[in-house]
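Q: just coords:
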């Protein structure tokens, strides 16, 4: 088969409906959206670092058992890339997000996190030389203006919430990690990549294990059940389904589906915790997503 024919076959395959990828994305959306709400429940009895430790060290142990059983080793040339992606995607992301959610409700936090595609596009521009264009900068400005509105909106009016900026930092960590992770999925099974990221990413959190055990012992049962939920569903299952989606779709196309996370998180936050976004915060959330859409749809025009 000629090169042209092969490329055409691949293009047709990617353009067709992929049920497995769709199911993986759907599971990821629901579990990741719910995690923003459960994090809010667990904070207080647990500090941001203790919550990150309880969630990801437990998941890292599960990942280690899988890696020992499967004996899957990454190529040596990928170890640095894998380690950087893991630390950013697990330790840095979780501590920044948890710290931010001490004051930022679940819905607005998820809108901020979903500026990740903007950062992904910016990284691709500078690291890979991809074209960004006028519309790319317009979309970036709209998204960041939306984040600014979320950061400044409270029930009492405008008051800058620095924690919203920390959540924006978590989005940047996630974007960098996703770009670093993509090539690995072409050389390793999705489950193996997920397991290595969980296992390596929890290592910086290990010093907090003693204080975390102490805090969990004193925490209400609701918090312990919340941590168990975070470990199993948004983390172990959610990261696995995200890796499957990244393996079967382009990074950009997979990330576009995650626009469903913020409205889902907002609905869960309202139903579970009674969190009602302010009018200004809601406008900011819409602007953040509109900006992301402009960056991904219009930036190359």
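A: Sure, I can see it. Bear in mind the structure is a predicted one, so any value in this text is a computation, not a measurement.
Q: Hmm, residue 94 and residue 169 touching each other?
A: No: counting by C-beta atoms under 8 Å, residue 169 sits too far from residue 94 to count as a contact (11.8 Å). The way it works is simple: take the backbone N, C-alpha and C, and place the C-beta from them, glycine included.
Q: Could you give the average pLDDT over stretch 243-251?
A: Taken as a whole, stretch 243-251 carries a mean pLDDT of 77.
Q: Which positions within it qualify as buried?
A: For stretch 243-251, burial by neighbour count (16 or more other C-beta atoms under 10 Å) applies to 243-249, 251.
Q: and if you look at stretch 75-85?
A: For stretch 75-85, the buried set under the neighbour-count rule, 16+ other C-beta under 10 Å, comprises 78, 81-83, 85.
Q: Compare neighbour counts for residue 169 and residue 94 and give me the winner.
A: Comparing residue 169 with residue 94 by other C-beta atoms under 10 Å, the one with more neighbours is residue 94, at 25 against 17.
Q: still on that earlier bit, can you tell me which of the buried residues of stretch 75-85 is nearest residue 212?
A: Nearest to residue 212 among these: residue 83, at 22.7 Å, using C-beta to C-beta.
Q: OK, contacts around the closest residue to residue 66 other than its chain neighbours?
A: Take residue 66 and drop its neighbours on the chain: the residue closest to it by C-beta to C-beta, 6 or more residues apart in numbering is residue 195, 4.9 Å away. By C-beta atoms under 8 Å, 6 or more residues apart in numbering, the contact list for residue 195 reads 63-64, 66-67, 72.
Q: rerun that using 10 Å as the cut-off
A: 59-60, 62-68, 70, 72, 188-189, 236, 239-240, 243 (C-beta atoms under 10 Å, 6 or more residues apart in numbering).
Q: now residue 145
A: By C-beta under 10 Å, 6+ apart, the contact set of residue 145 is 283-284, 287-288, 291.
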